[in-house]
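S.K.: I'd like to go over a predicted model; first the sequence, then the structure.
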Amino acid sequence: MKSFIIKKAKKILLSTTGFLVVFLIWSYYSQQFNPLILPSPIDTFDSFIDIYKSGDLFVNILITVKRTIIGYGLAFGVGFILALILNKYRILYTVFRPIITVIQTTPPVIWLALAVIWFGIADDLTPIFLIFVVTLPIIFVNIFEGLQNIDNKLIEMARVYNIKKDQVFYDIYIPSLVPYIFSALSIGLAFAWKSTIFAEFLGSNSGVGFALSMANSNLNTDKLFAWAIILIILMLLVEYLIVKPIQSKATRWKNNG
Amino acid sequence: MDKILKLKQINKSFDNLRVLKDVSLTVNKGEIVTLLGPSGSGKTTLFKILAGLIKQDSGEVIFNKNIKSGYVFQEPRLLPWRTIKDNFKFIQKNYLTDANAKEIRDNLLQLTNLSEIIDNYPEELSGGMKQRIEILKAISIKPDFLIMDEPLKSVDTQTKLNLRNLLLNLHNKKNIDMFVITHDPEEAALLSDRIYVLSDKPGIIKKEFKIRTKKEERTLKTDEVYDTINEIIDIFMELVDEYKWGK
């Protein structure tokens, strides 16, 4: 137990060292430049307090989180079902795979430009559309690969014992897909955040991305830094407090080996 | 004599490769029957036909309608993400009530001194233990008949002896009849009432042996076992490839 705690403490110390180094370099160089170019950590912290006191902090975070959840949730659901269908009907795979590749390779800025024309900037549709279109191929590709790698020997065993289809889905398909689902969730989530911020920055009038855009337009570099740090902390919290713990619980059979 | 299984003129090819040719055999009630053949003789193909995983090109597979069959695969097919208990439950659900299923699996694991691993995951067990679980899993649905594809392959000698003992006990005490597919003449001669020897490429039944010595009294030194093994080896010698080396 003691050695486990020491190991864990060492790991935390090492992983925070990088941040500390960046912080020290930032502190040093912020003394050398105009605050408009590089604000100091103290200026940034003051801006953070201002944002918090103004009430903008939680309003914008909630808007951004809501859009990310809806867009990403939709992409996950559609990507998952699409992978299941295309895995079962190979002719549909041949038809739709090139379309998915086109969606995947089209630069997000093109989708954003189209979304602004189609949906405008006033509501949530533009960011949600962009998240959906950017993350859908990631989800599809990962889940489809997972389906290809399902151990056919287990499926055969289930067939021999006349196991019902829903039980095969629950006991073989889903657990086999867990590593791929989490890989898709983790990679897709990073893209989802980036897409939300990108869409809000250029094609919305609310959310963290819009706040960043306002700070940028008004040359409030300290505010820009404060929002950027808020965003990074938000992304890390979601990854380490939600995604990783669920992943570790869902794959605990692997860690026991 | 009641027939448990009858195969009539089974043929199977994959593309242009003929794997099984006119394979006919029977398994009667109260018997352990072995199908013995070298690698590539279509043994696993026949197992898959019996398990309903693939269809023969021609011929008939007739099971006695009143029997329930369990299947043992060559390598353990356990769900890695489920504990041993849940692996049993996974296949028992379809055949037994929860209470009955629990009683049977607890009993089986106790008999084989494996009770303590019931909550372990397959990855935590040795290869031999996993193979024993594979056999117990097939028995846990209370079958009348076991169809096994090389159940003692790739296990060490001690595990092989334990597993063979387990199979004989199941046959004698639980009246489970068996159809065993193997490549090992010793295993066949020690375990079976009758042995069908299969040639390779394509698999054709070359000969049928009957062994009358009581199974539990057999050793490799028993005359009938010894003679049968030698006769089988003679058949296999005829199948040895001839190599024509250049000068």
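M.R.: Right, received. Where do you want to start?
S.K.: going forward, measure contacts and count neighbours with C-alpha atoms only.
M.R.: OK.
S.K.: what distance do you get for B:Gln131 to chain A?
M.R.: B:Gln131 sits 14 Å away from chain A, going by CA to the nearest CA, to the nearest Å.
S.K.: equivalent analysis for B:Leu36, please.
M.R.: From B:Leu36 to chain A the distance is 22 Å (CA to the nearest CA).
S.K.: so what's that residue bridging to?
M.R.: With beta bridges defined as DSSP bridges, B:Leu36 has these partners: B:Thr182, B:Val197.
S.K.: what's the mean pLDDT across the longest helix along chain B?
M.R.: What stands out as the longest helix in chain B, according to DSSP state H, is helix B:157-174. Helix B:157-174 shows an average pLDDT of 86 in the prediction.
S.K.: swap in stretch A:152-169?
M.R.: Mean predicted confidence for stretch A:152-169 is 92.
S.K.: where does chain B come near chain A, residue by residue?
M.R.: B:51-53, B:70-71, B:77-82, B:91, B:94, B:121, B:123-124 (CA under 8 Å from any CA of the partner chain).
S.K.: return the subset of these lying in strands.
M.R.: Judged by DSSP state E, the residues of chain B next to chain A include B:70-71 as members of strands.
S.K.: just the residues of chain B next to chain A: which are in helices?
M.R.: B:Ile91.
S.K.: are any of the residues of chain B next to chain A buried, and which?
M.R.: B:51, B:70-71, B:77-82, B:91, B:121, B:123-124 (16 or more other CA atoms under 10 Å in any protein chain shown).
S.K.: give me every residue that touches B:Phe209.
M.R.: Contacts for B:Phe209 (CA atoms under 8 Å, 6 or more residues apart in numbering or on different chains) come out as B:194-196, B:228.
S.K.: ok, A:Pro245 to A:Leu237 distance?
M.R.: 11 Å (CA to CA, to the nearest Å).
S.K.: and the contacts of stretch B:19-29?
M.R.: Residues contacting stretch B:19-29 (CA under 8 Å, 6+ apart): B:1-13, B:33, B:40-42, B:45-46, B:59, B:177, B:179, B:196, B:201-205.
S.K.: ok, now stretch B:159-174?
M.R.: Residues lying outside stretch B:159-174 but in contact with it, judged by CA under 8 Å, 6+ apart, are B:32, B:128, B:132, B:152, B:176-178, B:191, B:215-216.
S.K.: now list the buried members of these.
M.R.: B:32, B:128, B:132, B:152, B:176-178, B:191, B:215.
S.K.: now the residues you listed in TSV, with secondary structure?
M.R.: Output for the buried ones among the contacts of stretch B:159-174, formatted as TSV (DSSP: H, G, I helix; E, B strand; the rest coil):
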residue	secondary structure
B:Ile32	strand
B:Gly128	helix
B:Arg132	helix
B:Leu152	coil
B:Ile176	coil
B:Asp177	strand
B:Met178	strand
B:Leu191	helix
B:Lys215	helix
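S.K.: can you list those residues in a markdown table and add distance to A:Ile12?
M.R.: Formatted as a markdown table, those follow (distance: CA to CA, whole Å):
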| residue | distance to A:Ile12 |
| --- | --- |
| B:Ile32 | 61 |
| B:Gly128 | 41 |
| B:Arg132 | 44 |
| B:Leu152 | 49 |
| B:Ile176 | 58 |
| B:Asp177 | 60 |
| B:Met178 | 58 |
| B:Leu191 | 60 |
| B:Lys215 | 64 |
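S.K.: which of those residues lies closest to B:Thr112?
M.R.: B:Arg132 (8.7 Å; CA to CA).
S.K.: nearest residue to that closest one in space, please, no chain neighbours.
M.R.: Nearest non-adjacent residue to B:Arg132, counting by CA to CA, 6 or more residues apart in numbering or on different chains: B:Leu163, 6.8 Å away.
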